[in-house]
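Novice: Please work out how this folds:
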Amino acid sequence: MNPQVRRLLLFTLTLALAPLARSAAPIPDDEARFLAGLPVKNTPLEALSLSPAWVAHAAQFNAAWAQLDKRQLQTIATWAPASLGHWYSDTGPVVYLFSGPDFLYAHAFFPDASTYVLCGIEPIGPLPQVENLPPQTLAGSLATIRDSLDSLLNFSFFITKKMHVQLVEDSRLSGTLPLLYIFLARTGCHITNVTFTGLDNKGQFTAIHTNAPAVEIDFNSPDGKPQTLYYFSTDLSDGPVNASGFLKWCATLGPARGFLKAASYLMHGDGFDTSRKFLLSDCPAILQDDSGIPIRYFPDNDWDIRLFGNYSGPIDLFKNKLQSELVQIKNVQKPAALPFSVGYRWHSGQSSLILAVQAGHSETPAASPGLTPAASPSPAPGASPAAAAPAASASPALSGTP
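Specialist: So this is what the prediction gives:
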């Protein structure tokens, strides 16, 4: 019998027996592996994985992930321990503002964190339950998931406007939660519990109305260590963040590593002063690209600055955000090119990263003396819009309906 015909017959049979199979509901880790295109043998989703839609989804995902792993994740894993020093292996928390659902790069640069705190305006969405999807919608729903991941897998960042449309419009697998599931599964982690929660304006968890809805995902690392991921869907601009309690709660975590990437240069203006001040006061180390906190906010007597890669200024969309201080640091430190891409300058050899460490906390490979610029005046008011698509595009890895 033709293998495709046999697979179709098996899939049809499993649909007929679906009510019996569903007596054992899938757990979140099963759902995550299914969405990530990973084997779900001996789980309640095994039968559904025989469908042509999932088989095509898994094939495309495996091919795209293999490229991403070789091009990005393996090189980061080789580069980061020596370049970031103990900040790479530290087990303290990581706070990643303007992240969207990008657990992938938070985990790549800080794999041993006890707690990951991600925050963006993208909605959380309901618990993914692929077993409840109408069979005729499975292919389209999985294609939407792949489309949502295209920009991150190709360029290392999410395109905010594109993602917002995709995460809201497809109600069958909506929100950031399916993407967080995928990244956890693909990085070898195993989900143990998922809880919806939120914060009141004092930074306390609450089950009633909240301006900072959140999902808490407990998981085990590939080597079995318990870790926790929080994703908050909330506005980080000054008025809303002061009312949400989000930063008050973050402060209870103790010293954390800050992480900023493709942040639309929002903290270059005055509309995000509170978020910027929190990171500068509560994070002894901040890893960021140039779209994060401007260098002028890191006084040379308080912070050690180390530049990695090739700072060539912002892309045209943000051309007024050039930092002369970074040009000066580049000319003095003469850093080697990064072996991976990160941020808006995603072309090979054009990316850069900045590691800022508060004085007295530096145990990373030392930068040469006299490299941190003096503080400059406050920036002009106004915030940049959300990131748009890059001027050029890589070959789509995951787009399209199977």
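
Novice: Tell me which stretches of the stretch 1-150 of the chain form strands.
Specialist: Along the stretch 1-150 of the chain, the segments classed as strands by DSSP state E, counting those that start in this stretch run 94-96, 115-120.

Novice: Isn't Ile191 up against Pro28?
Specialist: Yes. Counting by CB atoms under 8 Å, Ile191 touches Pro28, with 4.5 Å between them. For the C-beta atoms, the positions are set from N, CA and C on the backbone; glycine is no exception.

Novice: Residues that sit against both of these two, list them.
Specialist: By the contact definition CB atoms under 8 Å, 6 or more residues apart in numbering, Ile191 and Pro28 are jointly contacted by Tyr181, Ile217.

Novice: for the chain, which spans come out with low pLDDT?
Specialist: 1-23, 151-172, 362-402 (pLDDT under 70).

Novice: Let me have the strands of the stretch 1-150 of the chain in TSV, extended by mean neighbour count and distance to Ala337.
Specialist: Formatted as TSV, those follow (neighbours: other CB atoms under 10 Å; distance: least, CB to CB, whole Å):
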stretch	mean neighbour count	distance to Ala337
strand 94-96	27	24
strand 115-120	23	28
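
Novice: Tabulate those (a markdown table), appending distance to Lys41.
Specialist: Shown next, in a markdown table, are these (distance: least, CB to CB, whole Å):
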| stretch | distance to Lys41 |
| --- | --- |
| strand 94-96 | 33 |
| strand 115-120 | 29 |
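
Novice: among the ones you listed, which is nearest Gly37?
Specialist: strand 115-120 (22.4 Å; CB to CB).

Novice: List the contacts of the closest one.
Specialist: 93-103, 106-107, 110, 176, 227-234, 236, 246, 250, 253, 256.

Novice: Can I have the buried ones of these as a ChimeraX selection?
Specialist: To isolate the buried members of the contacts of strand 115-120 in ChimeraX, using 16 or more other CB atoms under 10 Å:
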select :93,94,95,96,97,98,99,100,101,102,103,106,107,110,176,227,228,229,230,231,232,233,234,236,246,250,253,256
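
Novice: Please narrow the contacts of strand 115-120 to those residing in helices.
Specialist: Phe103, Ala106, His107, Phe246, Cys250 (DSSP state H).

Novice: what's the span of stretch 82-97 from first residue to last?
Specialist: Distance across stretch 82-97, first residue to last, is 25 Å (CA to CA, to the nearest Å).

Novice: Kindly report the same for stretch 334-349.
Specialist: With CA to CA applied, stretch 334-349 spans 14 Å between its terminal residues.

Novice: Sort out which residues of that stretch are buried, please.
Specialist: Neighbour-count burial for stretch 334-349, with 16+ other CB under 10 Å as criterion, is recorded at Pro335, Leu338, Pro339, Phe340, Ser341, Val342, Gly343, Tyr344, Arg345, Trp346.

Novice: okay, the ones in helices among the contacts of strand 115-120 in JSON lines with distance to Ala207 next?
Specialist: Shown next, in JSON lines, are those (distance: CB to CB, whole Å):
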{"residue": "Phe103", "distance to Ala207": "25"}
{"residue": "Ala106", "distance to Ala207": "27"}
{"residue": "His107", "distance to Ala207": "29"}
{"residue": "Phe246", "distance to Ala207": "17"}
{"residue": "Cys250", "distance to Ala207": "20"}
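
Novice: out of these, what pair is the most spread apart?
Specialist: His107 and Phe246 (21.2 Å).

Novice: Go through the ones in helices among the contacts of strand 115-120 and name the one nearest Phe34.
Specialist: Phe103 (17.7 Å).

Novice: For the closest one, give me its contacts.
Specialist: Phe103 sits next to Tyr116, Leu118, Leu180, Phe183, Leu184, Thr187, Leu229 when contact means CB under 8 Å, 6+ apart.

Novice: ok, now how distant is it from Ile305?
Specialist: Distance of Phe103 to Ile305, given as CB to CB, to the nearest Å: 27 Å.

Novice: now Pro255
Specialist: 19 Å.

Novice: Next, the spatially closest residue to Asp218 that is not a sequence neighbour: secondary structure please.
Specialist: Excluding its sequence neighbours, the residue lying closest to Asp218 (CB to CB, 6 or more residues apart in numbering) is Asn193, at 4.3 Å. Here Asn193 is strand, with the state taken from DSSP: H, G, I helix; E, B strand; the rest coil.

Novice: Same check on Asp218?
Specialist: Applying three-state DSSP: Asp218 is strand.

Novice: Could you list the buried residues of stretch 192-202?
Specialist: Neighbour counts over stretch 192-202 (16+ other CB under 10 Å) mark Val194, Gly198, Leu199, Asp200 as buried.

Novice: one step back: so Pro255 and Ile305 - more neighbours on which side?
Specialist: Ile305 (20 against 13; other CB atoms under 10 Å).

Novice: who touches Pro178 in this structure?
Specialist: Leu35, Gly125, Pro128, Ile145.

Novice: Mind doing that once more with 6 Å?
Specialist: Residues near Pro178 by CB atoms under 6 Å, 6 or more residues apart in numbering: Leu35, Pro128, Ile145.

Novice: Out of those, name the ones that lie in helices.
Specialist: Using DSSP H, those in helices are Leu35, Ile145.

Novice: just the contacts of Pro178 now: which is nearest Lys321?
Specialist: Ile145 (32.3 Å).

Novice: Okay, that closest one and Lys261: tell me how far apart.
Specialist: According to CB to CB, Ile145 stands 22 Å off from Lys261.

Novice: Could I get the contacts of Pro178 in a markdown table, plus columns for distance to Lys321 and neighbour count?
Specialist: Compiled in a markdown table, the contacts of Pro178 are given as follows (distance: CB to CB, whole Å; neighbours: other CB atoms under 10 Å):
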| residue | distance to Lys321 | neighbour count |
| --- | --- | --- |
| Leu35 | 36 | 26 |
| Pro128 | 37 | 27 |
| Ile145 | 32 | 24 |
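
Novice: would you list the contacts of Pro178 in CSV and tack on distance to Asp316?
Specialist: Converted to CSV, these look like this (distance: CB to CB, whole Å):
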residue, distance to Asp316
Leu35, 35
Pro128, 37
Ile145, 30
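
Novice: from the contacts of Pro178, which single one is nearest His86?
Specialist: Leu35 (34.2 Å).
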